[in-house]
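Novice: mind folding the following:
(chains A and B)
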Amino acid sequence: MAREAYVTGVGQSEVGVRLPRHPLLLTVDAVKEALDDAGLTLDQIDGVFSFPGKSAGYLAFSPVGTDDLIEVLNIKSKWQMGAMEQPAQLSAIAMAAWAVKEGICRHVICFRTVYEAGGMANPAEYMPLQQKTTSGFSQWTAPFWATSAACWTAQYAARHVHKYGLTREQLAQIAINGSKNALLNPRARAITKEELTLDKYMSARMISTPLCLYDCDRFSDASTVIIVSAGDALDEVKATPIRIAATAGSVDRYSWDQVDWPASYDCGPDLWKNTDYTVKDVDTVQFYDGFAFLPITWLEGLGFVEKGEGGKFIEGGTRIARDGELPLNTAGGQLGAGRLHGFGFAHEAVTQLRGAAGERQIPGDPKVAVATSGGGPLAAALLLARD
Amino acid sequence: MSSPPRPVPKLDAENRAFWTGGAEGKLNITQCGDCGKFTHPPRILCRHCQSENVAPAAVAGTGVIDTMTVNHQAWAPGLEVPFIIARVALDGVPGGLPDDQYRRLADRGRELWRQGPRHV
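Specialist: Predicted coordinates:
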């Protein structure tokens, strides 16, 4: 037990579009809910981890740093970590798990706060300045107007279309499934107001082929908190703990035009390396869907289906529905519930494993879930289990 | 309507040969003088053998389109759409990902590359 790590609390602020509430206050809202959920108090917290930490040049992307929380909540932190150079968002939770396993911390707040919708309403404060010159990573994208991750992900998706025959009708099921589940998620009400139909999807405007408007997640304002606790500290916790049974990460070259497929494929096998669980044990998957194509890479990368078979698996949407064989993105994912940027998947996995998902609870007393984050060169995955 | 000016790369020791080669009609890819392999994006050492004996080499500038997307979203005010963003596996530059299905698009790929560096 002492060498195990558990999620003991989850919390989330209001999720909205152009919320008037300051992102630091949204973060504090989420912390309070997670503490209440776990039955912990702030003086029991001794670590604060995040991805990617405060993004000074682009506050809308990451407006709150670990320093900010340590300061305003007066946390006696023994370790903090917020860094962009990690294998994707959920790696902050993986690292917190390692910290409690090593005995460095007992209860760690992990958080991800986004203010991308609010930032657009207040660009002077939150958005980056328009630059006439470009350097670093963006020099390989901006001059070609491949400005958005939509354009980069579209390149991978187009390869799948041409190599394996992925169709738009298949891809649509990710977004349709997300909208159905979002309608049963009270926190997604600002994002999804009606069910997406196949007709509406097929007639939507294209963003970057083969990705249309509904294949792209929506900017939102929110904070999500996951509390990670040491196995020997569970007697301090009131909630059902969920064990972090395995973690995995993968980083590929940032020059997206030089690699074959997203890093999710490399990350996959490593998730199963140090655990007795297999894909057959998994009751629900919460796969990063910043773009609708990405869950397909996770389905294939983690070995739920053979490479190239993801499109056929999601066809018709029944297998990935709440009552299907592999319920996917049961809170709506980022397509349906807003771009919470990774942490929403861990939050929902824990909620489902506790049987606390209300109307959207999947049947069958789920005990094992996978949550993932990342696209392109970054990938991180968590295997979560209720013992 | 005309598109806004492209963001121009800030030149440095690593990228100068690549971004300025287009003015002379050259596509310069960093090559290692020791192991012969290419490093792109350019760096001041070889990413295969870590030799510092690297220099820009003008490559054919032809290739095979490996994947592509037709972009329809204007990412900057006034940006004319649609346009193609294609990934090209360069001839004579190992490490690319050629796929015969896209060979017919190679000419279009060459044209697109010429548009890029020309704006520097």
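
Novice: quick one: contacts for the residue located most distally from the centre of chain A?
Specialist: For chain A, the residue at maximal distance from the C-alpha centroid (Cα atoms, centre = their mean) is A:Lys132, at 32.2 Å. In this structure, A:Lys132 makes contact with B:Pro5, B:Pro7, B:Val8, judged by Cβ atoms under 8 Å, 6 or more residues apart in numbering or on different chains. In short, each C-beta sits where N, CA and C put it, glycine included.

Novice: how about the residues of chain A near chain B?
Specialist: Taking Cβ under 8 Å from any Cβ of the partner chain as the contact definition, chain A meets chain B at A:131-135, A:138-140, A:142-148, A:150-151, A:154-156, A:158-159, A:162-163, A:205-211, A:255, A:257-258, A:260.

Novice: redo that, cut-off 6 Å
Specialist: In this structure, chain A approaches chain B at residues A:133-135, A:139-140, A:142-144, A:146-148, A:151, A:154-155, A:158-159, A:162, A:206-209, A:255, A:257, A:260, judged by Cβ under 6 Å from any Cβ of the partner chain.

Novice: from these, keep the buried residues only.
Specialist: A:134, A:139-140, A:142-144, A:146-148, A:151, A:154-155, A:158-159, A:162, A:206-209, A:257 (16 or more other Cβ atoms under 10 Å in any protein chain shown).

Novice: residues from chain B in reach of chain A?
Specialist: Residues of chain B found near chain A (Cβ under 6 Å from any Cβ) are B:6-10, B:41, B:67, B:69-73, B:75, B:85, B:87, B:97, B:101, B:116.

Novice: among the residues of chain A next to chain B, which are in strands?
Specialist: A:Thr133, A:Thr134, A:Met206, A:Ile207, A:Ser208 (DSSP state E).

Novice: wouldn't the fourth one be in contact with A:Ala150 here?
Specialist: Put plainly, it is A:Ile207. Yes. Shown here, A:Ile207 and A:Ala150 form a contact pair, counting by Cβ atoms under 6 Å, at 5.1 Å.

Novice: pull the number of nearby residues for residue 23.
Specialist: No chain specified, so I'll use chain A. Other residues within reach of A:Pro23 by the criterion other Cβ atoms under 10 Å in any protein chain shown amount to 24.

Novice: actually chain B
Specialist: Residues contacting B:Ala23 under the criterion other Cβ under 10 Å number 10.

Novice: highest neighbour count among the contacts of A:Lys132?
Specialist: Most surrounded of these: other Cβ under 10 Å gives B:Pro7, at 22 neighbours.

Novice: next, give phi and psi for it.
Specialist: Reported as degrees, to the nearest 10, the phi and psi values for B:Pro7 are phi -60, psi 130.

Novice: how about A:Gly364?
Specialist: Backbone dihedrals for A:Gly364, given as degrees, to the nearest 10, come out at phi 90, psi 20.

Novice: next one, pLDDT for A:Phe137 please.
Specialist: Confidence per residue is given as pLDDT, and for A:Phe137 that number is 86.

Novice: does it belong to a helix, a strand or coil?
Specialist: Reduced to three states with DSSP: H, G, I helix; E, B strand; the rest coil, the structure at A:Phe137 is helix.

Novice: who's the closest spatial neighbour of it, skipping the chain neighbours?
Specialist: Nearest-residue entry for A:Phe137: A:Tyr254, 5.5 Å, with adjacent residues in sequence omitted and distances by Cβ to Cβ, 6 or more residues apart in numbering or on different chains.

Novice: show me which of the residues of chain B next to chain A are buried.
Specialist: The neighbour-count test (16+ other Cβ under 10 Å) applied to the residues of chain B next to chain A identifies B:6-9, B:41, B:67, B:69-73, B:75, B:85, B:87, B:97, B:116 as buried.
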